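> could you look at this predicted model? Sequence included:
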Protein chains: 2
Amino acid sequence: MRQSKLFAKTLREAPADEVSTNASLLIRAGFIDKVMAGVYSYLPLGLKVLEKVKEIVRQEMDKLGAQEILMPALHPKDNYLKTERWDKIDVLFKLDGASGSQYALGSTHEEIVTPLAKKFVSSYKDLPLSVYQIQDKFRNEPRAKSGLLRGREFSMKDLYSFHKDQEDLDNFYNKSKAAYLEVFKRCGLKAILVEASGGVFSKYSHEFQVATENGEDTVVVCSSCDFAQNREICELADNDMCPNCDSQVKVIKAIEVGNIFKLKDRFTKAFDFEYTDEEGRRQPVLMGCYGIGPSRVLGSVVEVHHDDKGIIWPKELTPFKAHLIILDESKKDEADKLYDQLTATGWQILYDDRQESAGVKLNDADLLGLTVQLIIGSKTNKSVEFKLRATGEVREVKYNKVEEELKKIYN
Amino acid sequence: MRQSKLFAKTLREAPADEVSTNASLLIRAGFIDKVMAGVYSYLPLGLKVLEKVKEIVRQEMDKLGAQEILMPALHPKDNYLKTERWDKIDVLFKLDGASGSQYALGSTHEEIVTPLAKKFVSSYKDLPLSVYQIQDKFRNEPRAKSGLLRGREFSMKDLYSFHKDQEDLDNFYNKSKAAYLEVFKRCGLKAILVEASGGVFSKYSHEFQVATENGEDTVVVCSSCDFAQNREICELADNDMCPNCDSQVKVIKAIEVGNIFKLKDRFTKAFDFEYTDEEGRRQPVLMGCYGIGPSRVLGSVVEVHHDDKGIIWPKELTPFKAHLIILDESKKDEADKLYDQLTATGWQILYDDRQESAGVKLNDADLLGLTVQLIIGSKTNKSVEFKLRATGEVREVKYNKVEEELKKIYN
């Protein structure tokens, strides 16, 4: 993509009405645009990253054996009366439909997926079953000041699993933990598995928390063992002794990027969702739910991976594999040729062909934060400065070796 | 995919509350599920087809030079006050947000894309610009009885273009016609380019209509030339003389699968969206909008391509490239091996490995409507019956030639 044609330009200054680091940087870099508090548009660069997050999530959910579906955002009120959540979900958007009907805008999909699964599951032979979707959720948040971390409208991957007994649910639940950690790792996030409230049905649910000072959550983590609990269920303070080992705990700020929850029969009971077991008896179906917010992951990545110059994308999420930057107009033909060669072999390249000063171009490149910069300046000779955004490391690489070097990074 | 594991089974009977052919067949075949009138869930098979439609649309929009973005469904009321549409769009869903604010659920995105484009366009050098999104729209339809043809929530590709003058808008508008016809052709639809009302700004807008008796639109088409007009702007009756040539016109029922519209300065004026021209003068930006509903396309394909046995997917939309069906359990090892070989080389195969009778399996295969069926029965010898769903044509093909035959169809 030639940058001269790219929709959305970088902004000189952070938007005045945006207090979050993630949205501020993403808006300045031209990745997103703010429509109102908690509601954003994704511009071409931002959409590319969002799609990469979604694709990673999709791959790991498929590996779990879950099948992708797509449920609607408009939900009938009746389903919420059955689960007694119409008045209990305080962030639920409600709206009036035709001829007196009322709808909710989905903030989660238990009220839709449970009756859906019930239609197709009758026997133990139909279990276990797991389905997921990647779809936009709506929450009427009273405060939405954290950019992509807490949206009124946001992307969500929600997975639901259905089981014949507790053991089967527990097995899947544990497998999901590994899948989740893999998703976050691939997105460049160190997620901590944190125990949180399990509600009235389970001792604990689990959250995946990413440590960052701008996080809205407070988490107690042990400095040496795996102990980690959300502050909401934990009385410990900084330097208290870990209940599992002799080390001290730390209290840190973190962003919740995912959560998993054993719902057991909380929703299946509300919809009379039972199956017939091996002996012909009717049994309650047990259920789990598992969420990851791709837009929140995107925001978290920016919170964690940036410096004072701009964003630093992990290689799996970089919107283009390389940012080709020409600083010396006399080398335009060479740069064009390199761009054509790389794109011809399938490399996604952002080519800064704009008539701007070297300073503007280099600053913009650091702000955009693509993993690799290929800089063609007055001093390079049939070569680029091959620069890694994360470390600032620069090496001179001959044009005909650029693809080889890119392969080393991306393979 | 092994059909024994596939989420959603075929239903013996059409759902009683579904009167449309498209939704009836899609529900029976396990492609979609009805949540309420005009609101559906996509099950794994349906989602695969929907994604294929979206991908075709995306490819043709990219060829047009349009850039993909993603705008939100939640819209601030203020933007509609500027365009004076808050009370004019009768299908607009409205909802109350936090602290007294009001939102609309997007039924179209002029109110969002116009101020967005304005932020980044200041000079003639920034024009033309075209952006599109594939996103879910909401319309509070009083009647929603046509399945996927008229949803309360539905998938939409909306493209918006911005131009410095009428000539540039006209050029892009004409190019979009060709792109649209290509989209429909690839989806297996014969779309007719039909003149429709242009509102107060243009003589005509254009609709893309697919002839089918279940269509909600009425269109007057000439039997020999290109003349075609929506009945809403046309006084002609069956067998009247075409105004362009000597032939007779026909009045037919059709489904509108796309429309394109020259908005000119209808919305740019409302948002004070001007640019500076080559002479430094401020000029109004002119605008066009271009819509295709992928979910409506999916429904239209089913309306047009089905028989009394079920759906007949065009090859570009078939959810799997082939449906492998084993009727003779003694050949299970052979069938497993063929399935493994084809999937190993990247072929997407649905493998009916269920313990069901031959009759059930063959009926289900015809109902699901995959383009190619590979039937392994008691009479085949190291070969499959290679059957085309559309024509019923059957040939015996040796196992080691199946891939070659599939390539002939899909390349």
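Arrived safely. Numbering: from 1, shown residues only, chains lettered A, B, ... in the order given.
> show me the contacts for residue A:347.
By C-beta atoms under 8 Å, 6 or more residues apart in numbering or on different chains, the residues touching residue A:347 are A:321, A:322, A:403, A:406. C-beta coordinates here come from the backbone N, C-alpha and C atoms, glycine included.
> roughly how far apart are the third one and residue A:352?
With distances taken as C-beta to C-beta, to the nearest Å, residue A:403 is found 19 Å from residue A:352.
> who has more neighbours, those two?
Neighbours per residue, other C-beta atoms under 10 Å in any protein chain shown: of residue A:403 and residue A:352, the larger number sits with residue A:352, 25 against 16.
> ok, that one to chain B distance?
Using C-beta to the nearest C-beta, to the nearest Å, we find residue A:352 at a distance of 16 Å from chain B.
> what of residue A:144?
8 Å.
> next: residue A:12.
Counting by C-beta to the nearest C-beta, the gap from residue A:12 to chain B is 13 Å.
> over to residue A:137?
11 Å.
> looking at it, residue A:188 is touching residue A:317, isn't it?
Yes. Residue A:188 is in contact with residue A:317 according to C-beta atoms under 8 Å; the separation is 6.6 Å.
> more crowded one of those two?
residue A:317 (24 against 19).
> can you check the pLDDT for that one?
The per-residue pLDDT reported for residue A:317 equals 98.
> quick one: the helices in the stretch 101-250 of chain A, in order.
Under the criterion DSSP state H, counting those that start in this stretch, helices of the stretch 101-250 of chain A are mapped to A:110-120, A:166-186.
> okay, buried residues for the shortest one please.
To tie it back to what came earlier, the one meant is helix A:110-120. A:110, A:111, A:112, A:113, A:114, A:115, A:116, A:117, A:118, A:120 (16 or more other C-beta atoms under 10 Å in any protein chain shown).
> and chain B, which of the residues you listed reach it?
A:112, A:116, A:120 (C-beta under 8 Å from any C-beta of the partner chain).
> distance check, the second one against residue A:308.
In this case it means residue A:116. Where residue A:308 is concerned, residue A:116 sits at a distance of 48 Å (C-beta to C-beta).
> narrow the contacts of residue A:347 to those in strands?
residue A:322 (DSSP state E).
> of all the contacts of residue A:347, which comes closest to residue A:380?
residue A:322 (15.0 Å; C-beta to C-beta).
> does the closest one touch residue A:365 like I think?
No. In this structure, residue A:322 is not within contact of residue A:365 by C-beta under 8 Å, at 10.4 Å.
> any common contacting residues for these two?
residue A:373.
> same drill for those two, tell me which one is more crowded.
Per other C-beta under 10 Å, whichever of residue A:322 and residue A:365 has more neighbours is residue A:322, with 27 against 24.
> now do the more buried one against chain B, distance only.
19 Å.
> show me the contacts for the residue lying closest to residue A:221 once chain neighbours are set aside.
Sequence neighbours aside, residue A:228 is the residue nearest to residue A:221 in space, at 4.5 Å (criterion: C-beta to C-beta, 6 or more residues apart in numbering or on different chains). Counting by C-beta under 8 Å, 6+ apart, residue A:228 touches A:192, A:193, A:194, A:195, A:209, A:219, A:220, A:221, A:222.
> need the overlap of contacts for residue A:188 and residue A:317.
In contact with both residue A:188 and residue A:317: residue A:301, using C-beta under 8 Å, 6+ apart.
> show me which of the contacts of residue A:347 is closest to chain B.
residue A:321 (18.0 Å; C-beta to the nearest C-beta).
> count the residues that sit near the closest one.
20.
> do the same with residue A:331
Residue A:331, neighbours per other C-beta under 10 Å, totals 18.
> show the pLDDT at the closest residue in space to it that isn't next to it in sequence.
Leaving aside its chain neighbours, residue A:331 sits nearest to residue A:376 (5.3 Å; criterion: C-beta to C-beta, 6+ apart). Here, the pLDDT recorded for residue A:376 equals 97.
> got any ranges where the stretch 201-350 of chain A has weak pLDDT?
Scanning the stretch 201-350 of chain A for pLDDT under 70 picks out the ranges A:201.
> now swap in the stretch 51-200 of chain A and tell me
Across the stretch 51-200 of chain A (using pLDDT under 70), the flagged ranges come out as A:200.
> what does it put close to chain B?
Going by C-beta under 8 Å from any C-beta, the residues of the stretch 51-200 of chain A near chain B are A:67-76, A:93-95, A:97-99, A:105, A:112, A:116, A:119-120, A:129, A:131, A:136, A:138, A:140-142, A:152-153.
> same thing but 6 Å
With C-beta under 6 Å from any C-beta of the partner chain as the criterion, the stretch 51-200 of chain A comes near chain B at residues A:67-72, A:74, A:76, A:93, A:95, A:97-98, A:116, A:120, A:131, A:140, A:142, A:153.
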